[in-house]
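[1] What follows is a predicted protein model with its sequence.
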Amino acid sequence: MFNHVSIGISDLERSAAFYDQVLGALDCSRYMEKPGTVAWVMAGSRMTFWINQRDGLRVSPDNGSHIAFRAADTAQVDAFHAAALRAGGDDDGLPNYRPEYRENYYGAFVLDPDGHKLEAVCLTDLTDNRTQ
């Protein structure tokens, strides 16, 4: 559905280092860099995620928005969450099945250094942990 998603961040160097680790756990790599902006692309995909330096940025906590990144399996969700915490993000929901969304919905939530809510999610085949 989307070609790309872009968010504002307050410190490009800090956020780029954070997203290198977090998105790296989901098999994404840097796609492009320009003054004040960095983008990543997921292996085998054309969709990109961009961060853009915005001076004076303030993110409102719990504003109802979040970005969910697709993970290949539960191990990637776990790796995403761990990488985010190591990179300076905050936990906002440990990796787990979330039957309130769907029986096979496995996800984890974190907040990036600016407070943007992020999620990694996979839909598993509950019999063998493969994604659908």
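    Received the coordinates, thanks.

[2] Show me the contact partners of stretch 40-48.
    By C-beta atoms under 8 Å, 6 or more residues apart in numbering, the residues outside stretch 40-48 that reach it are 2-5, 19, 23, 26-32, 39, 49, 69-70. In short, each C-beta sits where N, CA and C put it, glycine included.

[3] got any ranges where this structure has weak pLDDT?
    Applying pLDDT under 70 to the chain picks out residues 126-132.

[4] sorry, back to before: looking at the contacts of stretch 40-48, which are in strands?
    4-5, 28-32, 39, 49, 69-70 (DSSP state E).

[5] of all the residues you listed, which comes closest to Ala82?
    Distances from Ala82 to the ones in strands among the contacts of stretch 40-48, taken as C-beta to C-beta, are shortest for Phe69 (14.5 Å).

[6] Make sure that closest one is actually in contact with Val77.
    No. The criterion here is C-beta atoms under 8 Å, and Phe69 misses it with Val77 at 9.4 Å.

[7] and for the two, which residues touch both?
    By C-beta under 8 Å, 6+ apart, the residues touching both Phe69 and Val77 are 120-121.

[8] hmm, back to that, most neighbours of all the ones in strands among the contacts of stretch 40-48, which one?
    Phe69 (23 neighbours; other C-beta atoms under 10 Å).

[9] In contact with Leu26, which residues?
    So, once contact is read as C-beta under 8 Å, 6+ apart, Leu26 ends up touching 42, 69-72, 76, 79-80, 120.

[10] Buried ones only from those residues, please, as a PyMOL command.
    Buried subset of the contacts of Leu26, written as a PyMOL selection, criterion 16 or more other C-beta atoms under 10 Å:
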select buried, resi 42+69+70+71+76+79+80+120
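
[11] Can you add distance to Val59 and give the contacts of Leu26 back as a markdown table?
    Output for those, formatted as a markdown table (distance: C-beta to C-beta, whole Å):
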| residue | distance to Val59 |
| --- | --- |
| Met42 | 24 |
| Phe69 | 18 |
| Arg70 | 23 |
| Ala71 | 23 |
| Ala72 | 28 |
| Gln76 | 25 |
| Ala79 | 24 |
| Phe80 | 20 |
| Ala120 | 19 |
